[in-house]
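Visitor: Fold the following, please.
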Amino acid sequence: MELYLVFKVLWWLVLGVLLMGLGIMVGMDMGVGALLRYVGRTDTERRIALNIIAPHWDGNQVWFVLGGGAVFAAFPLLYATAFSGLYIVMLLLLWTMILRPLGFEYRSKLPTAAWRNVWDWALVVSGTVPMIVYGAGVGNMLRGVPFHFDWDLTSHYTGSFVSLLNPFAVMCGMLSLSLAVYMGGVMLTGRSEPGPLQARARRAATVGIAIAFTLFTIGGWWTIHLDGYRLVQAPAPGLAQTPLQQTAVLVSAGWFDNYRAVPALWLVPALAYFGMTLGFFALRARRATLAWWCGALAWIGVIGTVGVSMFPFLLPSSSHPSQSLTVWNSVSSRHTLIWMAGWAAIFVPAILAYTSWAFYIMRGKVKAEHVEADPHAY
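Guide: Prediction:
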């Protein structure tokens, strides 16, 4: 097998892992932010919620950085096309992400209720909007985005911001948000003491996973009625190529081609259903740790389902299907992928190791008296 082909597929898998890590880890603290005004009815309860994720939220952002970095380095044509064509969306994501550190750092600087309420709502917005944008982005990849290339591979986006907020994309955004709410609610349930805050967090997580289960099912049914993309002619996958050298067509239910070819792939969406179902019952049984891992499985199953459905497509073009971006034609050179694989083999395990260590060291319940007595607490 061509070495270049192997590394193309390898980096497609690495990108998938990073997107899953983003959903699990970033989604968790985003979910806490989205729930802040619901689970926290008093200032002390909101401080408890914030201090539960305080040791982890900024470290979790590394998954966001890694995801963007992997796209930039491994799939530069995808990065250039998406980040330039979807510029307004990227700015919306950036602005809301900027609110998060401001909310954490400034909220407790003044004791007045008005000041803290402003930053509480900033944290709610900065926890809700990015997860909706994340899910809507995935939904638009399934629908296709209107863009095309000139002869020199200059990309032109021909859609509008409003067109990106189509019903299917919004539904995918709500699925993403519901999974984040579940993960955030589970985190609050496991690390708060029994009481009103814990009860509200468990209730929110239960509703969140039930909504996620429903929306994932609706999304699967909806995808059957979407036109998928099929690559009918292109250079061999192991060759260097551009989007101008292929032919792709729209096919009814085309996103199910891979499942027809390899029936074992149905295990991927089954994993999502398994995680969501077991997570629901784990919450009912008050097994917060098990519920958290079930949420991680649900995220893996949901992102994995999109990945195996679309492969080898990364960003289909709804206006010029034959100029769609795939794993084969938007990737970096062989030497770049090999060097990046070496560094990834070092740093990804290191990130997993220090993240696990941080969660282990900072385990335990966050109590009201500790938050009120600690001058460094949020």
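Visitor: Would you tell me what helix or strand residue 125 is located in?
Guide: Assessed by DSSP states H and E, residue 125 sits inside helix 113-143.
Visitor: same question for the host helix or strand of residue 296, mean pLDDT?
Guide: Per DSSP H and E, residue 296 falls inside helix 288-310. For helix 288-310, mean pLDDT is 96.
Visitor: For it, list every residue counted as buried.
Guide: 288, 290-310 (16 or more other Cβ atoms under 10 Å). (Glycine included, C-beta is placed from N, CA and C.)
Visitor: how about the helices of the stretch 101-250 of the chain, start to end?
Guide: Counting by DSSP state H, counting those that start in this stretch, the stretch 101-250 of the chain has helices at residues 113-143, 161-164, 167-191, 196-224.
Visitor: Compute the inter-axis angle for the third one and helix 288-310.
Guide: Here the directions of helix 167-191 and helix 288-310 differ by 160 degrees (axes from the mean of the first three to the mean of the last three Cα atoms, to 10 degrees).
Visitor: Same check on the last one?
Guide: Our comparison of helix 196-224 with helix 288-310, counting by the same axes, to 10 degrees, yields an angle of 20 degrees.
Visitor: what about helix 196-224, distance to the chain center?
Guide: The chain centroid and the centroid of helix 196-224 are separated by 16 Å, computed with Cα atoms, centre = their mean, to the nearest Å.
Visitor: what's the answer for stretch 66-85, then?
Guide: Relative to its chain's centre, stretch 66-85 lies at 15 Å (Cα atoms, centre = their mean).
Visitor: And for stretch 349-357?
Guide: So, by Cα atoms, centre = their mean, the centroid of stretch 349-357 is 19 Å from its chain's centroid.
Visitor: what mean pLDDT does it have?
Guide: pLDDT averaged over stretch 349-357 gives 88.
Visitor: do stretch 48-55 as well
Guide: The pLDDT scores in stretch 48-55 average 88.
Visitor: And for it, what's in contact with it?
Guide: 28-29, 32, 35-36, 39-40, 104, 107, 123, 187-188, 191-192, 197, 201, 358, 362, 366-368, 371, 377-378 (Cβ atoms under 8 Å, 6 or more residues apart in numbering).
Visitor: Ok, stretch 167-182 next?
Guide: Taking Cβ under 8 Å, 6+ apart as the rule, stretch 167-182 contacts 23, 27-28, 30-31, 34-35, 127-128, 131-140, 142-143, 204-205, 207-209, 211-212, 215-216, 218-219, 222, 226, 279, 295, 298-299, 302.
Visitor: Would you mind listing the buried residues in that stretch?
Guide: Applying 16+ other Cβ under 10 Å to stretch 167-182 flags 168-169, 171-182 as buried.
Visitor: Could you list the buried residues of the lowest-mean-pLDDT helix or strand in the chain?
Guide: Between all helices and strands in the chain, the lowest mean by mean pLDDT, DSSP states H and E belongs to helix 368-373, at a mean of 79. For helix 368-373, burial by neighbour count (16+ other Cβ under 10 Å) applies to 368, 371.
Visitor: Using CSV, write out the CA atom coordinates for it.
Guide: Presented in CSV, the C-alpha positions along helix 368-373 are these (Å, rounded to 0.1, in the frame of the first residue of the first chain):
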residue,chain,number,x,y,z
ALA,A,368,-19.9,25.9,49.5
GLU,A,369,-17.7,26.5,52.6
HIS,A,370,-14.5,25.9,50.6
VAL,A,371,-15.6,28.3,47.8
GLU,A,372,-16.5,31.0,50.3
ALA,A,373,-13.4,30.6,52.3
